[in-house]
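S.K.: I'd like to go over a predicted model; first the sequence, then the structure.
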Amino acid sequence: MPRIADIEDTPNPNAKKFILREPLTWGISRSYDHAPQAADDPLASALFAIRHVTNVFYVDYWITITQDGGADWRELSRLVAEPIRAAPAANEQSAQLAASAAPAMTDMPPEERERLERIIELLDTQIRPYLQGDGGDLHVIGLEDDRLIVHYQGACGSCPSSISGTLAGIQGLVRQIEPDIEVVAV
């Protein structure tokens, strides 16, 4: 049963990052943009049942909850704490799943796979740690010719700066290794 160690603000005023003493997963992120997506996840379903919760994102030792802007964070934090504390902590099976989870790039030609791997490595080292520090993340959906398609998760999903400044920064960074790339967020 994860206990909450701290609650942090994020750049998104409608999102809070809850730091936990025990992990919820081992390397497997869970991201839900709305309640129907979370139907098979008891923790996320319980959180979406709380009025004003609009997004749930968690991995390892933290969970980010986004609200619609209509709730007082002090009260909402007390409400979401109950399902978080009731959730089971990560187990050995979760660690095994994380080890076997790899991006599906088998259908890509080798040169395209190599391009995508270089881009993902760059994002993993230069971008994702900062987004995770702010309660969010970035998932690479795919590479189509010179279009890198990404999806923001957690606090980044509805943060105004992620759609403008962060996306431009990511594109500028990726263009250092792929000059013609266009980064598109979906």
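M.R.: Done, it's in.
S.K.: what's near enough to touch the residue lying closest to Asp33 once chain neighbours are set aside?
M.R.: Leaving aside its sequence neighbours, Asp33 sits nearest to Asn55 (CB to CB, 6 or more residues apart in numbering; 5.8 Å). Glycine gets a C-beta too; all of them are placed from N, C-alpha and C. For Asn55, the contact set (CB atoms under 8 Å, 6 or more residues apart in numbering) comprises 15, 32-34, 64-66, 154, 157-158.
S.K.: Please, which helix or strand holds Asn55?
M.R.: Under the criterion of DSSP states H and E, Asn55 resides in strand 53-59.
S.K.: now that strand, how far from the centre of its chain.
M.R.: 8 Å (CA atoms, centre = their mean, to the nearest Å).
S.K.: same check, this time on stretch 173-186
M.R.: That offset, for stretch 173-186, works out to 20 Å (CA atoms, centre = their mean).
S.K.: what domains does the record give for the protein?
M.R.: 4-98, 102-185 (automatic domain parsing).
S.K.: contacts for stretch 70-81?
M.R.: Under CB under 8 Å, 6+ apart, the answer for stretch 70-81 is 4, 7, 16, 18, 47, 50-53, 65, 67.
S.K.: and with 7 Å instead?
M.R.: Residues outside stretch 70-81 that contact it (CB atoms under 7 Å, 6 or more residues apart in numbering): 4, 7, 16, 47, 50, 52-53, 65, 67.
S.K.: Show me what counts as buried in the longest helix seen in the chain.
M.R.: Determined from DSSP state H, the single longest helix within the chain is helix 110-126. Going by neighbour count (16 or more other CB atoms under 10 Å), the buried part of helix 110-126 is 115-116, 119-120, 122-123.
S.K.: Check whether Thr25 really touches Asp60, as I assumed.
M.R.: Yes - the pair Thr25 / Asp60 is scored as a contact, 6.0 Å apart, by CB atoms under 7 Å.
S.K.: The residue lying closest to Ala87 once chain neighbours are set aside: how many residues sit nearby?
M.R.: Spatially, and ignoring its direct neighbours in sequence, Ala87 is nearest to Leu43 (4.3 Å; CB to CB, 6+ apart). The local packing of Leu43 (other CB atoms under 10 Å) involves 20 other residues.
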